[in-house]
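Visitor: Could you work out the structure for the sequence below:
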Amino acid sequence: MQKAAEIREKLEPDTTVVGIDEAQFFDPEVLQVAEELASRGIRVLVAGLDTDFRGEPFGPMPVLMSMAEHVDKLHAICMVCGDEASRTQRLVNGKPARFDDPVVIVGASEMYEARCREHHEVPR
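Guide: The predicted structure follows:
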């Protein structure tokens, strides 16, 4: 889907649950769509990264989290030390992406890995 409004078009009359994955990439209208569906009694499950590779709030996720009745923040395992990881490390040619790199790069040769706060690097 390109736009959150397309979610409405996909609904069947008897829909009771809607799942939205990779919500960080949706346009801001996802906020209204999620609220509208929830107000109609539809259970809305949203998944996405809350922070970008810089460690900053990502897209509509912070507002979606504040609107939610329940938030489960899942963690991965740090690829450096094995501790709990809450950050996404972007690597370009094996080195941490720089802070001023674009947040979203389509078709680039990059890699992402989970990192803890201590091992997350974003050079300026």
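
Visitor: Which parts of this structure are strands?
Guide: Remark: strands assigned in the chain by DSSP state E are 17-20, 43-46, 76-77, 84-85, 87-92, 95-96, 110-115.

Visitor: Next one: the nearest residue to Met1 once chain neighbours are set aside relative to Leu37, how far apart?
Guide: Spatial nearest neighbour of Met1, chain neighbours left out: Ile7 (6.9 Å); criterion: Cβ to Cβ, 6 or more residues apart in numbering. Backbone N, C-alpha and C define where each C-beta goes, glycine included. Separation of Ile7 from Leu37 (Cβ to Cβ, to the nearest Å): 8 Å.

Visitor: Can you work out which residues contact both of these two?
Guide: Shared contacts of Ile7 and Leu37 (Cβ atoms under 8 Å, 6 or more residues apart in numbering): Val18.

Visitor: Run a quick neighbour tally on Val44.
Guide: Around Val44 there are 21 other residues, counting by other Cβ atoms under 10 Å.

Visitor: Do I have it right that it meets Leu31?
Guide: No. The pair Val44 and Leu31 does not pass the contact test of Cβ atoms under 8 Å, sitting 11.2 Å apart.

Visitor: what about the helices in the chain?
Guide: For the chain, applying DSSP state H gives helices covering 5-10, 30-39, 61-67.

Visitor: Could you check how far the helix or strand bottoming out on mean pLDDT in the chain is from the centre of its chain?
Guide: One helix or strand of the chain scores below all others by mean pLDDT, DSSP states H and E: strand 110-115, with a mean of 90. Averaging C-alpha positions (Cα atoms, centre = their mean, to the nearest Å) puts strand 110-115 14 Å from its chain's average.

Visitor: How about stretch 56-72?
Guide: On Cα atoms, centre = their mean, the centre of stretch 56-72 falls 9 Å from that of its chain.

Visitor: Repeat that for stretch 39-48.
Guide: 15 Å.

Visitor: Next, the buried residues of it.
Guide: Residues of stretch 39-48 classed as buried under the neighbour-count rule (16 or more other Cβ atoms under 10 Å) are Val44, Val46, Gly48.
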